[in-house]
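A.B. asks: Everything below, folded, please.
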Amino acid sequence: MPTLYTLSDKNKRSTYILVTVFLVFVIALGYVFATVMESSFILYFAVIFSVLMSVGSYWYSDKIVLKMSKARLVEFDDNKELYRLVENLCITAGLPLPKIYIINDTAPNAFATGRDPEHAVIAVTSGLLQKLNRTELEGVIAHELAHIGNRDMLLATMVVVLVGFVALLADWFRHWIWFGGSRRDDRGGSGYLMVIAIVLSILAPFFAMLMQLAISRKREFLADATGALLTRYPEGLASALEKISSDPKPMETANRATAHLYIANPFKGKKASKMFMTHPPVEERLAALRG
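C.D. replies: So this is what the prediction gives:
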């Protein structure tokens, strides 16, 4: 019978496997393109450009996300109960106290961001504070602290580097073909390699995005398990997820760029295919927590 402990271990292993497969895929893709184009310069430039862009977003993403979400910093005197709740969980988790922000939005939701535990941020909506009881709120905060403790922001940044690299390299390869780079003399089996490279340039960004979403979903399961172990009361988080997912009001301050950060999908409406979801289905999360 699976437990929260075995679920946590399983999700860690699955994430490591996915990241390893992702790295092998990116290296193989770079090798194929570099071989066909007979130039390593573009490969090096693509890697450097992607890394620089992602490192910049890693250092400043929290400020950008908070600005986009219209979040305001909360001091201790503004909400003592919330501060004490977060502080107690941080002591239990062995984490430094993150900065706490409130988003003026009636839809219940929350997210964590920051480049490391020492520069972490937790943001909750005003709707979350109004609609959840203390036990449920504790479950949500524990989930977000789990993201911080599990260094999910670092992993997310690494995955963004890989996805950006794949998209950039594929785009450059298609431009190279368009401007006549493929008209060189065919030598040996390079014609077959050219066909493979063209197919990869079309499909690779799509597969990279799917792998990014798969890793994101695994981290949500892991944060659920870690958060439940932190509070020792899985039902608190399960009840909170039910309330958040069943709330009919979509978030006004969320957008597609920040949707994956929230504890639950901030958009309401038609359900997307599981393959394209940034979060695991709530039903699966509830089953895991209550199992």
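A.B. asks: where do the helices sit along the stretch 51-200 of the chain?
C.D. replies: Taking DSSP state H, counting those that start in this stretch, the helices of the stretch 51-200 of the chain run over residues 80-93, 126-131, 134-149, 152-178, 190-231.
A.B. asks: Residue 17: which of those is closest?
C.D. replies: Shortest separation from residue 17 across the helices of the stretch 51-200 of the chain is recorded for helix 190-231, at 9.5 Å, computed as C-beta to C-beta. Backbone N, C-alpha and C define where each C-beta goes, glycine included.
A.B. asks: mean confidence for that closest one?
C.D. replies: Confidence over helix 190-231 (mean pLDDT, whole number) is 86.
A.B. asks: helices and strands around it, which ones?
C.D. replies: For helix 190-231, the helices and strands in contact under the criterion 3 or more C-beta pairs under 8 Å, 6 or more residues apart in numbering; DSSP states H and E are helix 4-37, helix 80-93, helix 134-149, helix 152-178, helix 234-246, helix 282-290.
A.B. asks: same for the fourth one, what does it pack against?
C.D. replies: When you say that, I think you mean helix 152-178. By contact count (3+ C-beta pairs under 8 Å, 6+ apart), the secondary structure elements abutting helix 152-178 are helix 4-37, helix 41-69, helix 190-231.
A.B. asks: swap in the fifth one?
C.D. replies: Applying 3+ C-beta pairs under 8 Å, 6+ apart, we find helix 234-246 packed against helix 134-149, helix 190-231, helix 282-290.
A.B. asks: what residue ranges in the chain score low on pLDDT?
C.D. replies: Low-confidence segments of the chain, defined by pLDDT under 70, are located at 1-8, 11, 42, 50, 54, 157, 180-190, 269-275.
A.B. asks: Give me the residue at the spatial middle of it.
C.D. replies: Taking C-alpha atoms, centre = their mean as the criterion, residue 216 is the residue nearest the geometric centre of the chain, at 4.4 Å.
A.B. asks: which residues sit in contact with it?
C.D. replies: With contacts defined as C-beta atoms under 8 Å, 6 or more residues apart in numbering, residue 216 is in contact with 156, 260, 278, 279.
A.B. asks: Roughly how far does the first one sit from residue 256?
C.D. replies: Noted for residue 156: a distance of 15 Å to residue 256, by C-beta to C-beta, to the nearest Å.
A.B. asks: okay, those two: which has more neighbours?
C.D. replies: A count of neighbours by other C-beta atoms under 10 Å puts residue 156 above the other of residue 156 and residue 256, at 22 against 9.
A.B. asks: Give the full set of residues in contact with the more buried one.
C.D. replies: Taking C-beta under 8 Å, 6+ apart as the test, what residue 156 contacts is 216, 219, 260.
A.B. asks: wait, doesn't the last one sit right on residue 278?
C.D. replies: Yes. The pair residue 260 / residue 278 is scored as a contact, 4.0 Å apart, by C-beta atoms under 8 Å.
A.B. asks: on that earlier part again, could I get the contacts of residue 156 in TSV, plus columns for distance to residue 15?
C.D. replies: Putting the contacts of residue 156 into TSV (distance: C-beta to C-beta, whole Å) gives the following:
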residue	distance to residue 15
216	10
219	7
260	15
